[in-house]
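Student: sequence first, then the predicted structure, then my questions.
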Amino acid sequence: METKERILIKARELFRLYGIRAVTLDEIASILGISKKTIYLSFEDKDALVDAVMMEEFDCNYQDCMNCSAKAKNAIDEIFILMENMDEDFRSLNPIVIFDMKKFHHKTFEKFQTHMHQNLMQMVAANLKRGIAEGYYREDLDIEIISRFRMSSMWLLFDPEVFPPQKFELSKIFREISELFLQGLVNSKGQKTIEKYYQQKNKN
């Protein structure tokens with residue numbers, strides 16, 4: 001494994017556990033058994049390292065979402081698969097990462113916002129259209145408004161004033177919000193599909 005890749009992997013692991021600000025380049029170098037100078041050979045500064053880590057994180061998340069959509073039987077199944085995947089991912093993510101990025105790494109945060117509003121919002125809209133076409137979602141849904149609402153609600157997950165991390169688990173917040181969101185989309189057919197999902201889950 002190349003040194004640059006080792007640095008990225010370890011930095012991502014530490015950022016997710018402790019937040020960005022709490023992790024120094026000296027600590028990363030010490031854990032990897034390399035010099036701080038070696039890090040600077042691959043990354044100009046901590047800003048550059050944070051940007052590289054978060055861009056890779058964005059790409060992975062986007063690909064995961066695409067995979068969920070591709071293997072889902074229908075629009076509702078897609079949301080449940082996504083909830084399962086994100087539940088596991090959020091269990092190892094300290095929500096302060098987003099707060100640190102917003103406050104101390106502005107350019108990277110702007111890229112994050114662009115990613116959320118362009119790529120992920122498009123995927124939400126695609127799921128809504130799919131659900132309507134398949135007959136699981138209400139036909140009167142305003143796709144643009146609901147897509148924007150969904151993305152705005154995602155920011156709440158990482159707001160320490162709304163959900164203090166010492167009191168709320170990120171994975172549980174995401175699941176509760178997602179289930180509430182889904183209930184607002186479905187018609188009677190969709191509701192029956194949701195009920196079947198929970199019945200099957202309880203059996204398992």
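Tutor: Thanks, I have it.
Student: helix, strand or coil for the most centrally placed residue in the chain?
Tutor: Residue closest to the average C-alpha location in the chain (CA atoms, centre = their mean): residue 61, at 6.1 Å. Under DSSP: H, G, I helix; E, B strand; the rest coil, residue 61 falls in the helix class.
Student: show me what contacts it?
Tutor: residue 89 (CB atoms under 8 Å, 6 or more residues apart in numbering). Heads up, the C-betas are built off the backbone N, CA and C, glycines and all.
Student: what about the closest residue to residue 151 other than its chain neighbours, which helix or strand?
Tutor: Spatial nearest neighbour of residue 151, excluding adjacent residues (CB to CB, 6 or more residues apart in numbering): residue 121 at 5.0 Å. Secondary structure assignment for residue 121, by DSSP states H and E: helix 121-134.
Student: what of residue 196?
Tutor: Using DSSP H and E, residue 196 sits within helix 188-203.
Student: show me what that helix is packed against.
Tutor: Contacts defined by 3 or more CB pairs under 8 Å, 6 or more residues apart in numbering; DSSP states H and E place helix 188-203 against helix 75-90, helix 170-185.
Student: and with 7 Å instead?
Tutor: helix 75-90 (3 or more CB pairs under 7 Å, 6 or more residues apart in numbering; DSSP states H and E).
Student: mind listing what's buried along stretch 80-100?
Tutor: Across stretch 80-100, burial judged by 16 or more other CB atoms under 10 Å covers 80-83, 86-87, 89-90, 93-100.
Student: what's the answer for stretch 119-126, then?
Tutor: 120, 121, 123, 124, 125.
Student: kindly report the same for stretch 168-179.
Tutor: 170, 171, 173, 174, 175, 177, 178.
Student: can you list contacts of the helix holding residue 121?
Tutor: Residues outside helix 121-134 that contact it (CB atoms under 7 Å, 6 or more residues apart in numbering): 65, 69, 74-76, 78-79, 137, 139, 141, 143, 146-148, 150-151, 185.
Student: and stretch 21-36, how far out from the chain middle?
Tutor: Relative to its chain's centre, stretch 21-36 lies at 26 Å (CA atoms, centre = their mean, to the nearest Å).
Student: do me a favour and get the end-to-end distance for it?
Tutor: Using CA to CA, to the nearest Å, the end-to-end distance of stretch 21-36 comes out at 17 Å.
Student: give me the contacts around it.
Tutor: 3, 6, 7, 10, 11, 14, 15, 38, 39, 46, 100, 104.
Student: out of the residues you listed, list just those in helices.
Tutor: Using DSSP state H, 3, 6, 7, 10, 11, 14, 15, 38, 39, 46, 100, 104 are the members of those that sit in helices.
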